[in-house]
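K.L.:
what follows is a predicted structure for the sequence shown.
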Amino acid sequence: FGATPQWPHVSLGHYVPWLERAGLEIVMQEDWSGELAFTDVGAIVYYLKAVPWLAPGFTVEKYLDNLLALQRKLEQDGRLVFTAKKIMVEAKKPE
């Protein structure tokens, strides 16, 4: 969709030291990367509407050509696979 990552610096290595410098205690940290696989273009539309920060301004009308290209690729390959990365950090104020 021509979207570039809005937060390319998001990583545990970036945020954990920042939280610690702010005086917070790190309770838990987790890093994950893996595949997001879709077998239906409608599911991609639903996903992008549910997480709008991935493709700001996304509408079916605006990206119809891209969606049709994805549909053709889906019909050829059977599924569409994308890479996803996520981090989770739980921090608390020291007691």
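P.N.:
Here it is on my side, so go on. Numbers count the residues shown, from 1 in each chain.

K.L.:
which is the next helix or strand following the longest helix that the chain contains?
P.N.:
Among all segments of the chain classified by DSSP state H, the helix with the greatest residue count is helix 64-77. Under the assignment DSSP states H and E, the closest C-terminal helix or strand after helix 64-77 is strand 80-92.

K.L.:
about what we covered before: show me how far the longest helix of the chain is from its chain's centre.
P.N.:
Average the C-alpha atoms of helix 64-77, do the same for its chain, and the two points are 20 Å apart (CA atoms, centre = their mean, to the nearest Å).

K.L.:
got a list of contacts for stretch 81-93?
P.N.:
With CB atoms under 8 Å, 6 or more residues apart in numbering as the contact definition, stretch 81-93 has outside contacts at 10-12, 15-16, 19, 23-38. For every residue, glycine as well, the C-beta is placed using N, CA and C.

K.L.:
could I have the buried ones of those residues as PyMOL selection syntax?
P.N.:
Selecting the buried subset of the contacts of stretch 81-93 in PyMOL, with 16 or more other CB atoms under 10 Å as the burial test, is done by:
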select buried, resi 15+16+19+24+38
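
K.L.:
in strands, which of the contacts of stretch 81-93 fall?
P.N.:
Cross-referencing these with the strands (criterion: DSSP state E) gives 25-38 as the overlap.

K.L.:
return the helix or strand in the chain with minimum mean pLDDT.
P.N.:
Lowest by mean pLDDT, DSSP states H and E among the helices and strands of the chain is strand 80-92, with a mean of 93.

K.L.:
which of the residues in it are buried?
P.N.:
By neighbour count, with 16+ other CB under 10 Å as the criterion, the buried positions of strand 80-92 are 80, 87, 91.

K.L.:
for the residues you listed, which one is nearest residue 48?
P.N.:
Closest approach between the buried residues of strand 80-92 and residue 48, by CB to CB: residue 80, at 12.5 Å.
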